[in-house]
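Q: Let me see the structure of the following:
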Amino acid sequence: SLDGKFIQCNPAITKILGYSHNELKNMRFSDITYKEDLENNVQLFKEMISGKLNYISFEKRYVAKNGTVISTLLDVSIIKNQNNEPIYFVTHIQDITHKKIAEQALRESEEKFKLLAEKTTDIIWTLDLSLKLTYLNPAIKKQLGFTVNEYMNLTDEEKYPPESRKIINSVFDNEIQKIKKGIQPGKNYSVVFEIQLYHKNSSIIWGEINFTFLYNESDVVYGIHGITRNVTERKRVEEAMRKSEERLKLALDAANDGLWDINPKSKYVNYYSPRWYSMLEYEPYELPMDYTIWIDLIHPEDRHFVLQALSSYTKYAINIFSVEYRMKSKSGIYKWILSRGKQVESDANGEIIRMIGTHIDISERKEAEEALLKSRKKYMELTEFLPQSVFECDTEGKLLFANRQAFVCFGYNPEDFENGLNVMQMV
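A: Here you go, the predicted model:
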């Protein structure tokens, strides 16, 4: 009615507000209007009664029977008699509470994004599907020296070196063509690649690009959202490591040592140097860089303790892995190898995921040791039955060898020798 009483209500309004039809007929609209909205509502209704307005649509809040605040959209018309005098209002009420909650959540999300985007050191940007830049955060100034407006107006030639432009065009063209063909990327789909970018001072920085796609309410791609992270320092460190490893490889090649680089956890081989191959009479890379190749070439009698030594090293992280064993050459001859290595990288759980080491051909040394052992054995056999006493000692007098006649002559026995007999005790 013109004084705000409910004359007639349909079931929908009772459902929205929680009041029964009879309860509402005994109430005025002001009884259930949210306090902060009442003054404005009364003013609008007065203007309609005075004839200034015949129809109005606006948002207002009601307080439901359970105390909940309900956001609504009202379409209000004023009904007049034959004399053009207003007699009552007809109001259509639409519950938009969920919409208002969603709008509020969106505003809060946008505020959080804006706060994050303006505070982060990473460059955040968006593109439309024609690859036009539609948003850029202030981090562009810190990372590349340009203001947002300056960078928005740069051409690709002014942003990227030629090779990086090729990479960018290739990556984005490939993704856009998929979309044009109706292939929608998943919402968790992202693309990561690295390029170089021009700084305002004409220097070049390395950037890691990570982008994903923006979707509208119909789940259709309408744009691209990405982050550019400055990885110049990481690339510098990687390049320094690469050069360092190259120098190490050159030094090892010059020193006639073979180099190996493996992941003992995954059994993946990163590198066997040319000398690693030639030491076993193979051409460089004639055999695949495979972990099993190494193990298969080890002499069957040595294989178990080599694997055991490697396992112990990776498990207990002793200072250095060092073991001598035989490996089969291309001609079928077994060569003695001294393998020494050390961990250079571990994962988050402390497990070794990278070891670098060397192979040294010690066959000649082993042959010399074998010849010496044979010579010593022959010497001991020859002196064993001499009628004279023969013995050897080190510079501190510790007995190293004595023939049978020496024991007889001095009254000692082999057990005394084993217990560390000193020649000074024999004098």
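Q: Correct me if wrong: I195 contacts K166.
A: No. Counting by C-beta atoms under 8 Å, I195 stays clear of K166, with 9.5 Å between them. Backbone N, C-alpha and C define where each C-beta goes, glycine included.
Q: if we look at the helix or strand where N169 lies, which residues are touching it?
A: For N169, the host element (DSSP states H and E) is helix 162-180. Here helix 162-180 makes contact (C-beta atoms under 8 Å, 6 or more residues apart in numbering) with 129, 131, 156-157, 160, 185, 191, 193, 195-197, 213, 221, 224.
Q: and if we set it to 10 Å?
A: 127, 129-131, 156-157, 159-161, 183-185, 189, 191-198, 204, 206-207, 209, 211, 213, 220-222, 224 (C-beta atoms under 10 Å, 6 or more residues apart in numbering).
Q: thinking again about what came up before, now do the shared contacts for I195 and K166.
A: Residues touching both I195 and K166 (C-beta under 10 Å, 6+ apart): Y160.
Q: More neighbours: those two, which one.
A: I195 (20 against 12; other C-beta atoms under 10 Å).
Q: Following element in sequence after the one helix or strand the more buried one maps to, please.
A: Per DSSP H and E, I195 falls inside strand 191-198. Once the chain leaves strand 191-198, the next helix or strand it forms, by DSSP H and E, is strand 204-215.
Q: Next, F89: secondary structure please.
A: strand (DSSP: H, G, I helix; E, B strand; the rest coil).
Q: give the contact list for it.
A: Contacts for F89 (C-beta under 10 Å, 6+ apart) come out as 1-2, 4, 7, 29, 45, 48-49, 74, 76-79.
Q: at 6 Å instead, please
A: Counting by C-beta atoms under 6 Å, 6 or more residues apart in numbering, F89 touches 76, 78.
Q: State the distance from it to M289.
A: Going from F89 to M289 by C-beta to C-beta, to the nearest Å gives 85 Å.
Q: cool, and E175?
A: 34 Å.
Q: now do Y34
A: With C-beta to C-beta as the criterion, Y34 and M289 are 74 Å apart.
Q: now T232
A: Counting by C-beta to C-beta, the gap from T232 to M289 is 31 Å.
Q: what do you get for S20?
A: Going from S20 to M289 by C-beta to C-beta gives 82 Å.
Q: okay, these two: which has more neighbours?
A: Per other C-beta under 10 Å, whichever of S20 and M289 has more neighbours is M289, with 17 against 12.
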